[in-house]
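S.K.: Here is my input, please return the structure:
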Amino acid sequence: MIRRCRDDDFQAIDAIINDAAQAYRGIIPPDRWKEPYMPADELRHEMDEGVVFWGYEEGSELVGVMGLQHVRDVSLVRHAYVRTARQGQGIGSKLLAALREQTTRPLLVGTWADAVWAIRFYESNGFRLVTPEEKARLLRTYWSVPERQIETSVVLADHRWFET
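M.R.: Have a look, this model is predicted:
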């Protein structure tokens with residue numbers, strides 16, 4: 001079942017993100033890695049800034065989460081993670097489909113340039129990479145990330161972006 005996450009899901013969201021983010025260890029630049037990957041206060045800040053999490057629940061356990069944040073004229077896919085033991089089972093695709101239903105705005109997602117599996121996931125779900133020049137502009141416009149992260153990231157967009 002996919003549902004909007006509640007305040008009492010905070011610890012589960014935090015655990016899922018930090019479990020699944022281990023895949024990025026050694027992939028993203030060492031100067032961008034930290035342990036835990038997303039500290040609880042950073043997660044709380046993201047939620048306070050408007051990231052709304054949706055979760056994939058089995059039984060009474062969340063096994064995947066994906067955030068949606070409306071910024072200006074677009075919606076951003078934020079912090080998309082599935083527990084390591086449950087990856088490759090279609091959970092991420094189901095969450096992404098559910099997020100698409102929550103907005104009519106173009107959807108953008110940023111990820112690390114060296115995270116080829118993440119890029120392939122979004123491409124297999126209908127997203128396309130934007131040009132490097134557009135990537136930098138989009139990251140500066142819609143995200144609050146340091147220049148180093150802009151250098152080492154990519155942005156993918158859904159069909160609505162390319163139709164505007």
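S.K.: burial measure for Ser144, as a count.
M.R.: Neighbour count for Ser144, taken as other Cβ atoms under 10 Å: 9. For every residue, glycine as well, the C-beta is placed using N, CA and C.
S.K.: Could you report the neighbour count for the nearest residue to Leu138 once chain neighbours are set aside?
M.R.: Spatially, and ignoring its direct neighbours in sequence, Leu138 is nearest to Val155 (5.0 Å; Cβ to Cβ, 6 or more residues apart in numbering). By other Cβ under 10 Å, 26 other residues sit near Val155.
S.K.: again with Glu42
M.R.: Neighbourhood size, Glu42 [other Cβ under 10 Å]: 14.
S.K.: element containing it?
M.R.: Element membership for Glu42 (DSSP states H and E) is helix 40-48.
S.K.: Averaged pLDDT, that helix. What do you get?
M.R.: Rounded to a whole number, the mean pLDDT of helix 40-48 is 97.
S.K.: do the same with stretch 24-33
M.R.: Mean predicted confidence for stretch 24-33 is 92.
S.K.: Compute the distance from the centre of that stretch to the centre of its chain.
M.R.: Its chain's average C-alpha position is 16 Å from that of stretch 24-33, according to Cα atoms, centre = their mean, to the nearest Å.
S.K.: Please report how far the residue nearest to Glu49 when sequence neighbours are not counted lies from Gln87.
M.R.: Excluding the flanking residues, the one nearest Glu49 by Cβ to Cβ, 6+ apart is Gln69, at 7.3 Å. Distance of Gln69 to Gln87, given as Cβ to Cβ, to the nearest Å: 23 Å.
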